[in-house]
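structure for this input, please:
(one chain, ligands or ions: 1)
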Amino acid sequence: MAQVSLKNVCKIFAGNVKAVDNVNMGIENKEFMVLVGPSGCGKSTTLRMIAGLEEISSGDIYIGNKKVNDVPAKDRDIAMVFQNYALYPHMTVFENMSFGLRLRKIPKAEIAQRVNEAADILGIKKLLHRRPKELSGGERQRVAVGRAIVRKPMVFLFDEPLSNLDAKMRVQMRTEIHKLHIRLQTTIIYVTHDQIEAMTMGDRIAVMKDGILHQIADPISVYDHPKNKFVAGFIGSPPMNFMKGRIVKQDGRLYFDEGKIKVKLVDDMRKALNAYVERDIIFGIRSEDIYDKLFVSEAPPENIVRVNCEVYEPMGSEVYLYLNTGKHTFIARVGAHDRPKINQEMDLVFDMSKVHFFDQDSEETIV
Ligand code: ATP
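Residues are numbered from 1 along each chain as shown. Sure thing, here's the model as predicted:
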């Protein structure tokens with residue numbers, strides 16, 4: 001069993017830098033957990049503490065039921081793949097992949113078998129005799145992963161392993177690591193700042209900022225039910241649109257009034273928002289929940305907003321509209337053939353059943 005758990009884990013660096021602030025997290029056996037967040041949020045430090053490369057300031061870390069706070073990195077039965085691959089330049093691919101096994105005095109025949117098996121899985125059998133400088137970035141990345149696989153560890157730790165690759169190779173390796181997880185059935189903890197990697201690879205994702213774990217859940221739950229404004233804005237591309245405004249009551253109905261545009265709230269949200277009547281609030285709507293009225297057969301008039309279209313970007317499969325209410329700018333993703341007139345007003349429809357509201361002060365999700 002290779003579950004990993006963190007209990008009240010903190011890391012304070014010299015100068016009182018609180019890099020990780022009381023993180024609690026349980027990673028299941030065979031789970032693919034992604035730690036994601038902006039630069040400096042503490043995700044690498046968290047991973048390095050699990051690896052045993054960084055001391056814990058307080059709290060406990062368990063790997064497979066064993067408390068590992070004082071267990072040296074080499075005895076934790078984990079393998080880590082780093083961003084810079086850390087391959088030995090003077091060694092061949094075979095030697096790089098087998099290095100750790102040789103140190104452990106594993107018999108030669110078993111080493112050869114394990115390296116060949118890993119090279120086969122990763123499609124690098126033909127490269128075993130080459131040195132790192134004779135490989136492409138993607139190939140080097142495979143060797144670094146291969147070196148981890150041959151150890152047959154209880155847990156794999158990946159620290160931004162794809163960030164040195166070009167965009168196309170990143171997408172390819174993303175799928176390969178995903179497939180590898182399905183094949184190896186091992187626990188993986190994967191650090192990235194790229195929310196698309198997190199969404200596409202993780203069984204669950206842990207979203208961090210300023211050393212604090214803000215939300216941990218499966219990717220769709222995080223996307224559909226972000227815990228606060230930070231998570232809502234960080235997960236999703238383009239990011240969620242936010243507008244400041246007020247909740248107002250008219251004829252017994254609740255509306256969100258942005259100042260220039262006003263939309264009616266759905267009944268399901270009334271209960272949660274009643275306490276916010278005549279108060280400032282933050283409204284959030286994802287770009288795919290906004291439609292060009294021209295293409296909507298029956299739109300309730302209270303959900304229609306008139307805004308200025310400043311630019312549009314054809315993306316092939318869809319079009320991004322850059323819009324302006326006069327107070328806020330926002331983005332809508334509409335059909336591939338939509339071509340609104342630039343710098344003219346257009347009518348949009350908000351899907352009010354999909355919108356989000358956040359408390360202006362705490363920025364926590366209200367509904
Ligand atoms: P990135 O994506 O940029 O690698 P990260 O989320 O992985 O960022 P960490 O590397 O974990 O962030 O760093 C978290 C915080 O701790 C940052 O403020 C960083 O400056 C600080 N930090 C990291 N290592 C040290 C160190 N050895 N000494 C002092 N502060 C450190």
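
so who does the residue of the chain positioned farthest from its centre touch?
Using Cα atoms, centre = their mean, the residue of the chain lying farthest from its centre is D251. It sits 42.6 Å away. Under the criterion of Cβ atoms under 8 Å, 6 or more residues apart in numbering, D251 has no neighbours. Heads up, the C-betas are built off the backbone N, CA and C, glycines and all.

next, give phi and psi for it.
The phi/psi pair for D251 (degrees, to the nearest 10) reads phi 50, psi 40.

repeat for R286
Here is the backbone geometry of R286 (degrees, to the nearest 10): phi -80, psi 150.

and it, how many residues sit next to it?
Residues near R286, counting by other Cβ atoms under 10 Å, number 21.

same deal with the one 10 residues further on?
Using other Cβ under 10 Å, V296 has 15 other residues around it.

roughly how far apart are the closest residue to it other than its chain neighbours and I261?
Distance criterion Cβ to Cβ, 6 or more residues apart in numbering; nearest residue to V296, sequence neighbours excluded, is V349 at 5.0 Å. Noted for V349: a distance of 12 Å to I261, by Cβ to Cβ, to the nearest Å.

next one: E288
For E288 relative to I261 (Cβ to Cβ), the value is 19 Å.

more neighbours, those two?
A direct count of neighbours by other Cβ under 10 Å for E288 and I261 places I261 higher, at 20 against 15.

ok, that one - contacts?
Counting by Cβ under 8 Å, 6+ apart, I261 makes contact with 305-307, 325.

which pLDDT value goes with G100?
In this model, G100 is scored at 90, pLDDT.

how about stretch 212-231, does it get close to the ligand?
No. Stretch 212-231 lies out of reach of the ligand by Cβ under 6 Å from any ligand atom, never closer than 11.4 Å.

now the chain, which segments are flagged as low pLDDT?
Regions of the chain meeting the criterion pLDDT under 70 cover residues 1.

what ranges do the helices span in the stretch 251-367 of the chain?
Using DSSP state H, counting those that start in this stretch, the helices of the stretch 251-367 of the chain run over residues 270-273.

so what's the residue of it found nearest the ligand closest to, chain neighbours aside?
Residue nearest to the ligand within the stretch 251-367 of the chain (Cβ to the nearest ligand atom): E363, separated by 20.1 Å. Counting by Cβ to Cβ, 6+ apart, E363 lies nearest to K229, which is 4.1 Å off, once chain neighbours are set aside.

just list the residues touching the one you found, thanks.
Contact analysis of K229 by Cβ under 8 Å, 6+ apart lists 242, 282, 284, 358, 363-365.

and if you look at D210?
Per Cβ under 8 Å, 6+ apart, neighbours of D210: 21, 41-42.

same thing but at 10 Å, please
18-21, 37-38, 40-42, 230 (Cβ atoms under 10 Å, 6 or more residues apart in numbering).

coming back round to it: what number of residues lie near the residue nearest to V296?
With other Cβ under 10 Å as criterion, V349 counts 22.

quick one: K262 from F13, how far?
Distance from K262 to F13, by Cβ to Cβ: 49 Å.

which one's more surrounded, the two?
K262 (15 against 12).

which strand residues bridge the more buried one?
D257 (DSSP bridges).

ok, it touching Q250?
Yes. K262 lies in contact with Q250 (Cβ atoms under 10 Å); the separation is 9.1 Å.

what residues does this structure put near the ligand?
Within the chain, the positions near the ligand by Cβ under 6 Å from any ligand atom are 13, 17, 19, 37, 39-45, 193.

go again with 5 Å.
Residues of the chain lying close to the ligand (Cβ under 5 Å from any ligand atom) are 13, 17, 19, 39-45, 193.

filter the residues you listed down to the ones in helices?
Judged by DSSP state H, the subset of these located in helices is 43-45.

which of these are buried, as a ChimeraX select command?
Those of these that count as buried under 16 or more other Cβ atoms under 10 Å are selected in ChimeraX with:
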select :43,44,45
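
export the ones in helices among the residues of the chain next to the ligand as TSV, with columns for distance to P301.
Output for those, formatted as TSV (distance: Cβ to Cβ, whole Å):
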residue	distance to P301
K43	46
S44	51
T45	52
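
for the ligand, what's its nearest residue on the stretch 101-250 of the chain.
Nearest residue of the stretch 101-250 of the chain to the ligand, counting by Cβ to the nearest ligand atom: H193, 4.7 Å away.

dihedrals phi and psi, that residue?
Taking degrees, to the nearest 10 as the convention, H193 sits at phi -100, psi 0.

that one: how many residues sit nearby?
By other Cβ under 10 Å, neighbour count at H193 equals 18.
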